[in-house]
Structures are given as C-alpha cells and as structure tokens.
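# What would the 3D arrangement of this be:
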Amino acid sequence: MNANNLFDLTGRVAVVTGASKGIGESIAKLLAQNGAEVIVSSRKQDSVQEVADEIKKQGYKAEAMAAHMGDMASIAQLVQNIGTKYGRLDIIVNNAATNPVFGSVENCSLEAFDKIMEVNVKGCFQLAKEALPLLKKNKNASIINMSSVGGISPEPGLGIYSVSKTALIMLTKVMAKEWGAYGIRANVICPGLIKTKFSEALWKNEQVSDHLLKELPISRIGMPEDIAGLTLFLASDAAAYSTGGVFVADGGMLI
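Sure, this is the predicted structure:
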C-alpha cells in the first residue's frame, strides 16, 4: 500500500449532510480537496449551493442537493437524485443534527423529543438504508455518523440530545455488524465542544468556556477542521480495517 495514496478519494462519491456551515462544510471541503465528488446537502438549496460553488471555484468537484433530514420523503428524493446523477455512492457523512431545547429533561416536550430523534437518529438511519443499494456496488463504502461526547456521558442541559447521540452510536455499531459483508464500514465520531454556530451558546458563555479551557488537557476549543481530518481518515483507505469504532475528538474532555 502506497502511503501517498492512503487518503486519495479520487473517483469516489460522498454526501455530507448539514454541510452548509460549521463541521459539515469543513468536511465537504476536505473530502473534495482529496479527490471526492461531494454532494453538499442541508435544508436550504441556496446555502448548500454557496458551499458547492466555493468548492468548485477552488478546482474541485461538488454538487448542491438540498434535503431535510427530518423529512423521510426528502431523504428518499436525495438518494434518488444521487443515483440518477452518479449511479454510485461511496461515502455518507451523517452530520446534520438538531437540538431545539436546552435545560432539564423534565422540561422537554414530546414534540421536541420527537424532533430531536427524527433528525438525529431516524434521518441518519433512513439515509443509509435508502442508499444501501448504491453503497453495496463497489465493496468499499464508508458511513461516518456524527455523534457527540454527550452520547458517551450526558451533557448538562442537553439530556435528550445526548440520548439521541447515544442511540446513533449503537446504530453505527449495528450497521457495521450487519453491513460488513457488503464491504461497508460504519464508524462514529464523538466531537467535544467545537467552535460552530450550533454550539455558540456554550463557547460564547465566558463562564462555561473558561471552565472548559481549564479542564481540557488540550487547552483550546476545537475547530471544525479538527473533525474534518478525522472524517477524512475514516472515509479513506487509511481506515480500511476500522469499522464499528467510536472515535472521540474532544481535546481530552472525557479523560
């Protein structure tokens, strides 16, 4: 195996959800820079078009395809569009997530509970399941699900979000166990606090961020690029023997 080619994704097709900003955008750009044809997906077409256009201006391959991960019909349409345009799919990065509530679980409504589970778990399941015939084609597919350190240890104020991320860890393990025979690998990443719009309520809070920086062995808040690099590894041949793994990128938060 040539070390220079380990991270080469030339000829592979990848879809990244929640890719209009933050971690998803960073992942989409890095996969494209390493040769993949990347489908940039999120809820709003204009937002993903902007990211896809930026990737193409840099000389890489990208396509904007909007989809709502809480809408199963939208997910089915996304997969149909990918199949029609490319006829294959090699990499799924399930990055889209939602958390409409912050606080104790006793104050979480059933409506909010359902919304969190719909996007964070069911949508990830449905995208992978709908895409399974495409993933099977080349015996070398990779599913990367984005969980959270909250999926390993509950995060204060993010109870049901943490529950959904724990479920996603187990879903990943089930995919790895059942779909390995098709040449499909499935792994899950658990980021800690990453500086994105999604988490700004935490890192913009000086009291919270100061406490975290004192506790973290790597004394800084993570950046989207920190997660993109790990995603590239899991998508590539460098991780050819890794499946069912839970990869933590948290600056040492859980030590």
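# Which stretches in the chain count as helices?
With helices called from DSSP state H, the chain shows them at 22-33, 45-57, 72-86, 110-117, 123-135, 159-179, 200-203, 206-215, 224-235.
# wait, what's in contact with the most centrally placed residue in the chain?
Nearest to the geometric centre of the chain sits Asn95, at 2.5 Å (CA atoms, centre = their mean). Residues in contact with Asn95 (CB atoms under 8 Å, 6 or more residues apart in numbering) are 16-19, 23-24, 27, 146. C-beta coordinates here come from the backbone N, C-alpha and C atoms, glycine included.
# go on, Leu171?
By CB under 8 Å, 6+ apart, the residues touching Leu171 are 121, 124-125, 145.
# If you rank the contacts of Asn95 by neighbours, which is first?
Of these, Val16 is surrounded by the most neighbours, 36 neighbours in total, counting by other CB atoms under 10 Å.
# Run through the bridge partners of that one.
Taking DSSP bridges as the rule, Val16 bridges to Val40, Val93.
# Now tabulate the contacts of Leu171 in CSV and tack on distance to Arg43.
Listed next are the contacts of Leu171 as CSV, based on distance: CB to CB, whole Å:
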residue, distance to Arg43
Val121, 17
Cys124, 15
Phe125, 18
Asn145, 19
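# And the residues you listed, which is closest to Glu111?
When those are ranked by distance to Glu111 (CB to CB), Val121 comes first, at 16.1 Å.
# leaving aside the residues next to it on the chain, what's closest to the closest one?
Sequence neighbours aside, Ala167 is the residue nearest to Val121 in space, at 4.8 Å (criterion: CB to CB, 6 or more residues apart in numbering).
# Report the helix or strand with the lowest average pLDDT across this structure.
For the chain, counting by mean pLDDT, DSSP states H and E, helix 200-203 ranks last in confidence among helices and strands (a mean of 64).
# still on that earlier bit, pick the most buried one from the helices of the chain.
When those are scored by mean count of other CB atoms under 10 Å, the highest mean neighbour count falls to helix 22-33 (a mean of 26).
# what comes into contact with that one?
Helix 22-33 is touched from outside by 9, 14, 16-19, 38, 40, 42, 51, 54-55, 58, 60-62, 91, 93, 95-96, 146, 191, 194, 196-198, 224-225, 227-229, 231-232, 235, with contacts defined as CB under 8 Å, 6+ apart.
# and the gap between the residue nearest to the centre of the chain and Val163?
Per CB to CB, to the nearest Å, Asn95 is found 19 Å from Val163.
# With Ile144 instead?
21 Å.
# next one: Gly83
Distance from Gly83 to Val163, by CB to CB: 33 Å.
# Kindly report the same for Thr10.
To Val163, Thr10 is 39 Å away according to CB to CB.
# okay, now Gly251: neighbour count?
Counted with other CB under 10 Å, residues neighbouring Gly251 total 23.
# Test my guess that it contacts Pro191.
No - the criterion here is CB atoms under 8 Å, and Gly251 misses it with Pro191 at 9.6 Å.
# between these two, what contacts are shared?
Contact with both Gly251 and Pro191 is made by residues Gly222, according to CB under 8 Å, 6+ apart.
# now stretch 51-60, how far from the centre of its chain.
The chain centre lies 20 Å from the centre of stretch 51-60; the measure is CA atoms, centre = their mean, to the nearest Å.
# repeat for stretch 108-115
The answer for stretch 108-115 is 22 Å, by CA atoms, centre = their mean.
# re earlier: now the contacts of Asn95 in JSON lines, with distance to Asn138 and pLDDT?
Output for the contacts of Asn95, formatted as JSON lines (distance: CB to CB, whole Å; pLDDT from 0 to 100):
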{"residue": "Val16", "distance to Asn138": "19", "pLDDT": "98"}
{"residue": "Thr17", "distance to Asn138": "21", "pLDDT": "98"}
{"residue": "Gly18", "distance to Asn138": "25", "pLDDT": "97"}
{"residue": "Ala19", "distance to Asn138": "22", "pLDDT": "98"}
{"residue": "Ile23", "distance to Asn138": "26", "pLDDT": "97"}
{"residue": "Gly24", "distance to Asn138": "24", "pLDDT": "98"}
{"residue": "Ile27", "distance to Asn138": "21", "pLDDT": "98"}
{"residue": "Met146", "distance to Asn138": "23", "pLDDT": "98"}
